[in-house]
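Colleague: turn this into a model:
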Amino acid sequence: ERIDDEDRRFIASSMPVGRHNWSLVIEEEYDLAFARVATAMRRVAGINLAIIAVFALIAYRFAVGLVRPVEALSRAARQISNGEINIQLPRTASRDEVGLLTRAFSEMTSRIEANAREIEAANRHVEEVNAELRTRNDELHSANHVLAQLSITDGLTGLYNHRYFQDSLGKEAKRTKRTEEPLALILIDIDHFKRWNDSLGHAAGDAILKRIAEVMKTLLRSSDVLARYGGEEFALLAPGTSADGAQQLAEKIRSTIAETQFFINPPSERRNVTVSMGFSIYAGD
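Modeller: Have a look, this model is predicted:
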């Protein structure tokens with residue numbers, strides 16, 4: 001190989017000839033000598049590149065077909081972990097491992113969604129049952145409250161009954177011993193109530209009892225306990241009330257009832273009813 005003065009590149013080959021110590025030299029420009037080889041190499045390179053491109057495309061298609069279902073499965077798994085249940089996976093007819101996994105995963109998400117719907121329906125039913133139970137419980141509580149009030153209330157006058165008075169008397173007596181405050185007990189009896197009943201009838205007698213109860217309730221404190229002791233008798237507990245205070249309270253009740261006019265029978269007829277009263281003071285002794 002040589003380069004001439006004009007920077008042209010030549011390639012030569014030589015071989016000895018006969019007995020004369022001669023040599024045969026063949027020389028040609030480099031580009032002309034390797035033109036066919038270069039053309040063949042370019043053709044081979046082009047073919048190789050085409051083959052590589054075809055295989056690359058096949059590999060890409062194969063990778064996409066393999067990775068895309070896996071990415072879908074991974075995305076669906078993340079959605080399920082985040083609490084989403086309405087997930088749709090693309091259907092596949094592939095029988096390879098990825099296809100089998102995709103179909104199994106799709107069936108699993110379908111079961112999860114169905115179970116979630118069943119749980120939601122069950123929760124709604126439980127909430128409805130709980131609401132109904134709360135309503136029934138409120139009704140029962142109200143009924144128990146009414147029964148409790150009825151058990152301590154006189155049905156005619158609406159005052160406390162004899163049983164509640166006895167319980168309150170024991171409690172107030174204990175409290176008096178503890179606090180050393182006086183406790184006043186006032187007994188009220190309607191005068192000549194049998195005569196009222198005999199002359200006017202029991203309905204009028206009941207009306208007198210209710211009216212007297214209404215009048216007395218307007219004169220008492222919230223801490224006082226007024227009860228129908230029995231028949232035409234009433235009992236009043238006045239905690240923290242001395243003898244003077246009890247006398248003043250009793251006189252106030254007596255005078256107010258004496259000044260109250262009762263409509264008896266006929267409705268236009270007005271009459272006055274009186275009561276007799278007595279009191280006692282308990283101071284823990």
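Colleague: what is the neighbour count of Phe34?
Modeller: By the criterion of other C-beta atoms under 10 Å, Phe34 has 14 neighbours. From N, CA and C alone the C-beta is placed, and that goes for glycine too.
Colleague: how about the nearest residue to it once chain neighbours are set aside: which residues does it bridge to?
Modeller: Closest residue to Phe34 apart from its sequence neighbours, by C-beta to C-beta, 6 or more residues apart in numbering: Ile11 at 7.9 Å. Note on Ile11: beta-bridge partners by DSSP bridges are Glu28.
Colleague: ok now the helix or strand where Ala227 lies, how far from the chain's centre?
Modeller: Secondary structure assigned from DSSP states H and E places Ala227 in strand 225-230. Relative to its chain's centre, strand 225-230 lies at 47 Å (C-alpha atoms, centre = their mean, to the nearest Å).
Colleague: quick one: mean pLDDT over the helix or strand containing Ala45.
Modeller: For Ala45, the element it lies in under DSSP H and E is helix 35-81. Mean per-residue pLDDT for helix 35-81: 79.
Colleague: what packs against the next helix or strand after it?
Modeller: Later in the chain than helix 35-81, the nearest helix or strand by DSSP H and E is helix 97-152. Contacts defined by 3 or more C-beta pairs under 8 Å, 6 or more residues apart in numbering; DSSP states H and E place helix 97-152 against helix 35-81, helix 162-179.
Colleague: check which residues of the shortest one are buried.
Modeller: Buried residues in helix 162-179, defined by neighbour count with 16 or more other C-beta atoms under 10 Å: 164-165, 168-169, 172, 176.
Colleague: okay, the angle between that helix and strand 225-230?
Modeller: 140 degrees (axes from the mean of the first three to the mean of the last three C-alpha atoms, to 10 degrees).
Colleague: other SSEs contacting helix 162-179?
Modeller: The contact analysis (3+ C-beta pairs under 8 Å, 6+ apart) places helix 162-179 against helix 97-152, strand 183-190, strand 225-230, strand 233-239.
Colleague: in TSV: the ones you listed, plus mean pLDDT and mean neighbour count.
Modeller: Shown next, in TSV, are the helices and strands packed on helix 162-179 (pLDDT from 0 to 100; neighbours: other C-beta atoms under 10 Å):
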stretch	mean pLDDT	mean neighbour count
helix 97-152	82	12
strand 183-190	96	20
strand 225-230	94	21
strand 233-239	96	22
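Colleague: those: which one's closest to Phe262?
Modeller: Among the helices and strands packed on helix 162-179, the nearest to Phe262 by C-beta to C-beta is strand 183-190 (11.1 Å).
Colleague: output that closest one as PDB, nothing but the C-alphas.
Modeller: Only the C-alpha atoms of strand 183-190 are listed here, as PDB (Å, rounded to 0.1, in the frame of the first residue of the first chain):
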ATOM      1  CA  LEU A 183     -88.400  19.700 108.400                       C
ATOM      2  CA  ALA A 184     -92.100  20.700 108.500                       C
ATOM      3  CA  LEU A 185     -94.900  18.300 108.000                       C
ATOM      4  CA  ILE A 186     -98.300  19.800 107.300                       C
ATOM      5  CA  LEU A 187    -101.500  17.700 107.200                       C
ATOM      6  CA  ILE A 188    -104.600  19.200 105.300                       C
ATOM      7  CA  ASP A 189    -108.100  17.800 105.700                       C
ATOM      8  CA  ILE A 190    -111.200  19.100 103.800                       C
END
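Colleague: understood, closing this out.
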